[in-house]
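**Q** no FASTA, just this:
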């Protein structure tokens with residue numbers, strides 16, 4: 001992300017996986033400032049920052065639920081958040097956490113404790129809505145319970161203050177990797193694990209022909225949702241772009257796009273051998289199916305899908 005500075009060279013903004021936000025001089029590469037998104041040891045930054053009117057907006061995520069697999073980590077305390085920074089100085093203006101309930105100890109065993117609620121990562125870039133002075137994010141699953149209202153959701157926040165205006169939740173799963181595997185003894189496993197049907201990709205603010213706006217979100221469950229930003233995120237339509245999510249990697253993960261008529265959805269679902277056009281061996285994992293939905297329930301007229309070609313291995 002590049003943005004201008006008054007009477008100076010522009011600034012380049014980027015995040016790093018360990019959770020740092022940097023601003024560099026675009027001409028010299030010199031560091032102008034840096035900021036830590038969260039102090040938590042498991043913090044991850046995977047979404048691009050967004051600049052609007054001299055503010056920089058960026059979400060924070062975490063891999064904390066995976067840290068519990070060894071059995072010696074006291075999981076979980078991370079809460080996903082969206083922060084606004086002064087684009088010129090790096091000063092944090094506000095931070096809005098996706099989980100605000102008090103942290104409590106849920107159970108203990110052999111000197112270790114399970115804490116919660118936790119989770120609600122923001123894995124992707126937020127979307128600015130200047131017309132409504134709002135900013136939209138999609139959120140991840142819970143790491144530990146009890147279930148919370150802003151996980152697995154599309155959330156609208158006030159652009160100036162960061163306070164949530166409305167949210168639309170699509171499930172309340174609490175997911176810890178590996179808990180469904182034979183022989184697993186992870187103390188942090190929930191009573192019901194997953195299905196890890198959160199949002200990995202960014203929402204889309206689509207401007208349709210005729211002046212209507214929709215917020216589009218693609219969920220790892222394989223569902224695409226269209227929400228009305230003028231009516232508290234009311235569901236307008238739902239389209240199942242993949243039969244279901246198979247395994248821990250999900251069906252719809254990254255890279256949706258839209259125009260004024262359609263949304264284009266690449267389907268990953270690399271663990272599902274039922275997908276059309278996919279072979280049953282691991283060499284098919286990079287193949288995708290592209291679905292075009294026009295905003296109607298079910299399979300709209302004129303929609304199509306294109307299975308990817310199987311690539312030949314180089315010898």
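**A** Sure, I can see it. This one's a predicted model, so the numbers in the text were calculated from it and none came from an experiment. Numbers count the residues shown, from 1 in each chain.
**Q** what is the mean pLDDT for stretch 52-63?
**A** Here stretch 52-63 scores 97 as its mean pLDDT.
**Q** just how off-centre is it within its chain?
**A** Chain-centre distance of stretch 52-63: 12 Å, with CA atoms, centre = their mean, to the nearest Å.
**Q** any low-confidence regions in this protein?
**A** Along the chain, the parts satisfying pLDDT under 70 run over 244-249, 269-315.
**Q** and with 90 instead?
**A** 1, 6-7, 65-66, 68-74, 106-113, 171-173, 176-197, 208-212, 220-224, 237-315 (pLDDT under 90).
**Q** residue ranges of the helices in it, please?
**A** Using DSSP state H, the helices of the chain run over residues 64-67.
**Q** So for stretch 211-230, what gets flagged as buried?
**A** 214-227, 229 (16 or more other CB atoms under 10 Å). Just so you know, the C-beta spots here come from the backbone N, C-alpha and C atoms, and that holds for glycine as well.
**Q** what two of those have the greatest distance between them?
**A** Pairwise distances across the buried residues of stretch 211-230 (CB to CB) peak at 23.5 Å, for the pair 222 and 229.
**Q** rewinding a little: looking at the buried residues of stretch 211-230, which is nearest residue 158?
**A** residue 229 (13.1 Å).
**Q** where's that closest one relative to residue 236, distance?
**A** 10 Å (CB to CB, to the nearest Å).
**Q** any shared contact partners between those two?
**A** residue 214 (CB atoms under 8 Å, 6 or more residues apart in numbering).
**Q** and the residue nearest to residue 51 when sequence neighbours are not counted, what does it touch?
**A** Spatial nearest neighbour of residue 51, excluding adjacent residues (CB to CB, 6 or more residues apart in numbering): residue 3 at 4.3 Å. By CB under 8 Å, 6+ apart, the residues touching residue 3 are 10, 11, 13, 51, 56, 87.
**Q** Please indicate which of those residues are buried?
**A** 11, 13, 51, 56, 87.
**Q** Between those residues, which sits nearest residue 115?
**A** So of those, ranked by how close each gets to residue 115 (CB to CB), first place is residue 56, at 31.0 Å.
**Q** Thought residue 84 was touching the closest one, still the case?
**A** Yes - with contact defined as CB atoms under 8 Å, residue 56 counts as touching residue 84 (7.1 Å).
**Q** okay if I get the buried ones among the contacts of residue 3 as CSV plus distance to residue 101?
**A** CSV is the format used below for the buried ones among the contacts of residue 3 (distance: CB to CB, whole Å):
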residue, distance to residue 101
11, 37
13, 32
51, 32
56, 28
87, 32
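**Q** Nearest to residue 139 among those residues?
**A** Nearest to residue 139 among those, with distances taken as CB to CB, is residue 56, at 19.8 Å.
**Q** Next up, the contacts around that closest one.
**A** Neighbouring residues of residue 56 by CB under 8 Å, 6+ apart: 1, 3, 13, 21, 23, 49, 50, 84, 85, 86, 87.
**Q** try 6 Å
**A** When contacts are counted by CB atoms under 6 Å, 6 or more residues apart in numbering, residue 56 is found next to 13, 49, 85, 87.
**Q** picking that back up, between the buried residues of stretch 211-230, which is closest to residue 69?
**A** For these, the nearest to residue 69 is residue 220 (20.2 Å; CB to CB).
**Q** Now the closest one: closest residue in space, sequence neighbours ignored.
**A** Closest to residue 220 by CB to CB, 6+ apart is residue 250, at 3.0 Å.
**Q** repeat for residue 216
**A** Excluding its sequence neighbours, the residue lying closest to residue 216 (CB to CB, 6+ apart) is residue 204, at 4.2 Å.
**Q** Can you report how many residues lie near residue 25?
**A** Close neighbours of residue 25, defined as other CB atoms under 10 Å, add up to 15.
**Q** Same question for residue 80.
**A** For residue 80, using other CB under 10 Å, the count is 27.
**Q** same thing with residue 258?
**A** By other CB under 10 Å, the residues close to residue 258 number 19.
**Q** And it, how close does it get to residue 218?
**A** For residue 258, the distance to residue 218 equals 10 Å [CB to CB].
**Q** ok, back up a step: quick check, nearest of the contacts of residue 3 to residue 40?
**A** For the contacts of residue 3, the minimum distance to residue 40 (CB to CB) is 20.2 Å, reached by residue 56.
**Q** Return the distance of residue 54 relative to residue 138.
**A** Taking CB to CB, one finds residue 54 at 25 Å from residue 138.
**Q** higher neighbour count, the two?
**A** A direct count of neighbours by other CB under 10 Å for residue 54 and residue 138 places residue 138 higher, at 29 against 14.
**Q** Report the contact partners of the more buried one.
**A** Going by CB under 6 Å, 6+ apart, residue 138 touches 154, 199, 203, 217.
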